[in-house]
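**Student:** just coords:
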């Protein structure tokens, strides 16, 4: 009985942790509104770092090493990049200072 309870609690914590990662940015339906610094990750990933979260940007040529504000659609976990994917709908540079 204790084993079943432990498995159920572990599953609930995993769901809560994955929800908390997405709630760090503003969301409306399936759209994510985020700001952060971009970087390039080998072999082909353009990443967005927003505080403690990282996202793989899909579908746009966003330069690496700049601050951006973007709107994107939440996608699946990208195992090659090691982050959740965001299909970029629109983006614009912002004045955020980003390390090179």
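**Tutor:** Okay, I see it. What you see is a predicted model; the values in this text were computed from it and never measured.
**Student:** Run through the strands of the chain in chain order.
**Tutor:** 26-28, 31-41, 45-50, 53-58, 67-78, 83-93 (DSSP state E).
**Student:** Mean pLDDT and distance to residue 99 added to those, as JSON lines?
**Tutor:** Backbone N, C-alpha and C define where each C-beta goes, glycine included. Shown next, in JSON lines, are the strands of the chain (pLDDT from 0 to 100; distance: least, CB to CB, whole Å):
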{"stretch": "strand 26-28", "mean pLDDT": "71", "distance to residue 99": "24"}
{"stretch": "strand 31-41", "mean pLDDT": "92", "distance to residue 99": "7"}
{"stretch": "strand 45-50", "mean pLDDT": "94", "distance to residue 99": "10"}
{"stretch": "strand 53-58", "mean pLDDT": "92", "distance to residue 99": "14"}
{"stretch": "strand 67-78", "mean pLDDT": "94", "distance to residue 99": "11"}
{"stretch": "strand 83-93", "mean pLDDT": "95", "distance to residue 99": "16"}
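**Student:** now these as CSV including mean neighbour count?
**Tutor:** Output for the strands of the chain, formatted as CSV (neighbours: other CB atoms under 10 Å):
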stretch, mean neighbour count
strand 26-28, 11
strand 31-41, 17
strand 45-50, 20
strand 53-58, 21
strand 67-78, 16
strand 83-93, 16
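**Student:** what residue is smack in the middle of the protein?
**Tutor:** Residue closest to the average C-alpha location in the chain (CA atoms, centre = their mean): residue 55, at 3.1 Å.
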